[in-house]
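[1] A predicted structure for the sequence below; I have some questions about it.
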Amino acid sequence: MYKINKKLYIGGIMKVTLEQIDELRNRVNVSYEEAKRTLEKNDGDLIKSIIELEKKKGRKDEKKGSFTGLANKLLALRMSIKNKDGNTILNVPVVVVLLTFLMSFWSVIFLFVLAILTSCKINIYKDKSINVNNLKKNMQETVDKIKDKSVEIFKDDEEEELRDSQDESENEIIIE
């Protein structure tokens, strides 16, 4: 048994620790077995293991047709309407157009006829930059910022109340 860089090797096979497996599972949400196998394959390198599992998981999401994969596909399909001069009048996901069509059938028909009569160019295309995971990440960052700011506000309020209560006690005259 040799200890090299705090990694334990037994018979040429990488022996990973439970802490490494737990860390990988928390970050990528995989089973213990898959986390252990990936860490051993990457010689205990957590970053390489995370990247490999995320790539693998991304392929699975697209294959399975999971909600995230489906949402990515639906949001990536967009419709744009441009006027004669090439200025964009409307650029929205096709899903929004379909939902509006279901709720307000005649309005959408009227707008399409108007666009055709005014020689607007209607284009449906796939935008590859849209990713639901990025949207989730941005929303989570925003929520975290709001939480941090609210904690600061409550902390400031508590400090102000404490100062006010101290000021009141200094201004009191007690006669016994």
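    Okay, I see it.

[2] domains in the chain, as residue ranges please.
    For the chain, the structural domains run 2-64, 70-126, 132-176, going by automatic domain parsing.

[3] Which stretches in the protein count as strands?
    2-4, 7-10, 13-15, 77-82, 88-93, 121-126 (DSSP state E).

[4] In terms of mean pLDDT, which of those strands ranks lowest?
    Ranked by mean pLDDT, the strands of the chain bottom out at strand 2-4, which scores a mean of 42.

[5] how much space between residue 147 and residue 137?
    16 Å (CB to CB, to the nearest Å). C-beta here means a position set from N, CA and C on the backbone, and glycine is covered the same way.

[6] For residue 74, give me its contacts.
    Residue 74 makes contact with 93-95, according to CB atoms under 8 Å, 6 or more residues apart in numbering.

[7] Try it again at 6 Å.
    Taking CB atoms under 6 Å, 6 or more residues apart in numbering, we find residue 74 in contact with residue 95.

[8] Low-confidence stretches in this structure?
    For the chain, the stretches with pLDDT under 70 are 1-14, 58-66, 130-135, 165-174, 176.
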